[in-house]
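>>> sequence and predicted model, in that order:
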Amino acid sequence: MSTSSAAAVRSPALNREASESCLCSECFFGLLSSRSLFIGCAKSKSCSVKFAFFTVIFSSFLLKKAVYLKSAFSAIILSLALFIESRVFFTGGIAKEIVKLKEYAIIVLHKSTVSRTSNIIRHTKYDIQNTKYETMTFLSANIGSFSKPVQQLWENMNPCTLCPRKCEVYRSKGETGFCGIADTPVVSSVGPHFGEESVLVGSGGSGTIFFASCNLGCVFCQNFDISHHRHGRRMSIEQLAQSMLGLQNYGCSNINFVTPTHVIPAITVAIELARKNGLKLPTVYNTGGYDTVETLKLLEGFVDIYMPDMKYSDSRVAEELSAAPDYPEVNFAAVKEMHRQVGDLKVKKGLATHGLLVRHLVLPENLAGSFKIIDFLAEQISTSTTVNVMDQYRPCYKAASHPKINRRPTFEEIESVRQYAIEKGLNVLM
Ligand code: SF4
């Protein structure tokens, strides 16, 4: 995307953080990093972090071997190099920063190792009390230029009935419900991710935008620092749109919104803005699957690939493990609506372009009710449904206080679900 079209994305409502940031659209790394501008692009003359960028490359190149050896020497030199730029923030403690510096060096020099760095711009500090109303300010100044579904989604946030919790809080007044987020999204990280399903990754990675917080309360959450502790940084609509364009420019295969349900109004506004400015990639709605049919109906046309979890088929388990007793009923209805909109997964040249991709995490003791979920997919959705039967459950967060889930599932537990799905004719990802 050209610099001029990037400028078109901006509006007078740019917020304080944005004004401190590098806003060149070529540099999506800089967008989140108002105070820690480690990497910038070298194309824009106005890029305020160009100097730091070259400093990092130069230092990293010299110390490439040392970085891999994790030597303290490399960390010290890289720290010094970045400190010269003076925007480096060391508030998180020197140890944390040293780890980050090593990651940045690896990214710059070895793009192929990006999979190790999905948290490359994960922010360790977020002051949730600082939430102001910048997003709403943007919208009220521009509401007429957005589509009806977008406007409806914003209305449904005040009072909030976006998700099945129906907290009925006025989020644009700064009130928060179960998810703890007002109307401005909090983003934990933006970057190419190589750990997603292969049909989403391709050569450029899946362009993930991880949103902090969640409308579920899973006691075994593997991303609890993001979902429960809400680590991240507030992001304006413009920054969100520019991040999408940045991921596209970087060569990512799609834009993958991770845990989007509670901030979907901002996402849809940003999608419209980004599409007006050249976004062509498919969008992925990567959700825990606790979504209302009403909200999903408003997403028709915004989402190309729905990727919902199907976590439980037993409401008692859903209550105990995710504080959502109605999860099975809500989730089944949501998946039906998603399939109605986009159909079975379509893959072109190894990459998903459109459709439904279901994720199911196998829990120990068949707690997830896996077989009922497979039956539902085969009988009520389509035998061509693509499903990823996931084996990576491990006890995290508060799982230790629930004896049944305080272990990994066995090989037999996982394989029995996978085989059952194959027998039912589903398209099981391997
Ligand atoms: S999106 Fe958040 S505030 Fe709104 S109903 Fe859901 S949990 Fe409550």
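Here it is on my side, so go on. Residues are numbered from 1 along each chain as shown.

>>> all contacts plus neighbour counts: C-alpha atoms, from now on.
Noted.

>>> ok, now which ones touch N331?
N331 makes contact with G289, Y290, D291, M310, according to Cα atoms under 8 Å, 6 or more residues apart in numbering.

>>> near the ligand, which residues of this protein?
Taking Cα under 6 Å from any ligand atom as the contact definition, the chain meets the ligand at 160-163, 165-167, 176-179, 215, 262.

>>> show me which of those are buried.
Neighbour counting by 16 or more other Cα atoms under 10 Å classes C160, T161, L162, C163, R165, C167, T176, G177, C179, N215, H262 among these as buried.

>>> hang on, isn't the fourth one packed against Y290?
Yes - if you go by Cα atoms under 8 Å, C163 and Y290 touch, sitting 7.2 Å apart.

>>> show me the common contact partners of these two, please.
Residues touching both C163 and Y290 (Cα under 8 Å, 6+ apart): N215, T261.

>>> and of the residues of the chain next to the ligand, the nearest to D344?
C163 (24.3 Å; Cα to Cα).

>>> doesn't P308 fall inside a strand?
Yes - counting by DSSP: H, G, I helix; E, B strand; the rest coil, one finds P308 located in a strand.

>>> residues contacting it?
Contacts of P308 (Cα under 8 Å, 6+ apart): Y285, N286, T287, G288, G289, V335, L357, V358, R359.

>>> swap in F224?
Per Cα under 8 Å, 6+ apart, neighbours of F224: Y397.

>>> swap in 10 Å and give it another go.
Contacts for F224 (Cα atoms under 10 Å, 6 or more residues apart in numbering) come out as A212, S213, C214, G217, C218, R230, H231, C396, Y397, K398.

>>> thought the last one was touching H228?
In other words, K398. No - with contact defined as Cα atoms under 10 Å, K398 does not count as touching H228 (11.2 Å).

>>> more neighbours, those two?
Higher neighbour count among K398 and H228: H228, with 20 against 15, using other Cα atoms under 10 Å.

>>> rewinding a little: in a markdown table, list the contacts of N331 along with pLDDT.
What follows is the contacts of N331, written out as a markdown table (pLDDT from 0 to 100):
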| residue | pLDDT |
| --- | --- |
| G289 | 97 |
| Y290 | 97 |
| D291 | 98 |
| M310 | 98 |
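
>>> farthest pair within those?
Farthest pair in those, by Cα to Cα: D291 and M310, 11.3 Å.

>>> intersection of neighbour lists for those two?
Y327, N331, F332, A334, V335.

>>> helix or strand: which one has the last one?
Right, V335. helix 327-342 (DSSP states H and E).

>>> hang on, the earlier thing: the contacts of F224, buried ones only, as a ChimeraX selection?
To isolate the buried members of these in ChimeraX, using 16+ other Cα under 10 Å:
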select :212,213,214,217,218,230,231,396,397
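
>>> ok, so of the contacts of F224, who is nearest the ligand?
Nearest to the ligand among the contacts of F224 is C214, at 7.4 Å by Cα to the nearest ligand atom.

>>> residue of the stretch 301-430 of the chain nearest the ligand, please.
For the stretch 301-430 of the chain, Cα to the nearest ligand atom, closest residue to the ligand: A324, 11.0 Å.

>>> which SS state does that residue fall under?
Relying on three-state DSSP, one would call A324 coil.

>>> same question, N388
Applying three-state DSSP: N388 is strand.

>>> ok, now which ones touch it?
Contacts of N388 by Cα under 10 Å, 6+ apart are 197, 307, 309, 357-361, 418, 421, 427-430.

>>> which positions within stretch 147-161 qualify as buried?
Within stretch 147-161, the residues that qualify as buried by neighbour count (16+ other Cα under 10 Å) are P149, V150, Q151, L153, W154, E155, N156, M157, N158, P159, C160, T161.

>>> on that earlier part again, can I get the contacts of N331 in a markdown table including secondary structure and distance to V187?
Shown next, in a markdown table, are those (DSSP: H, G, I helix; E, B strand; the rest coil; distance: Cα to Cα, whole Å):
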| residue | secondary structure | distance to V187 |
| --- | --- | --- |
| G289 | coil | 19 |
| Y290 | coil | 20 |
| D291 | coil | 20 |
| M310 | coil | 24 |
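
>>> ok, those residues vs L273, which is closest?
D291 (23.9 Å).

>>> does the closest one really touch L162, like I thought?
Yes - with contact defined as Cα under 10 Å, D291 reaches L162; the gap is 8.0 Å.
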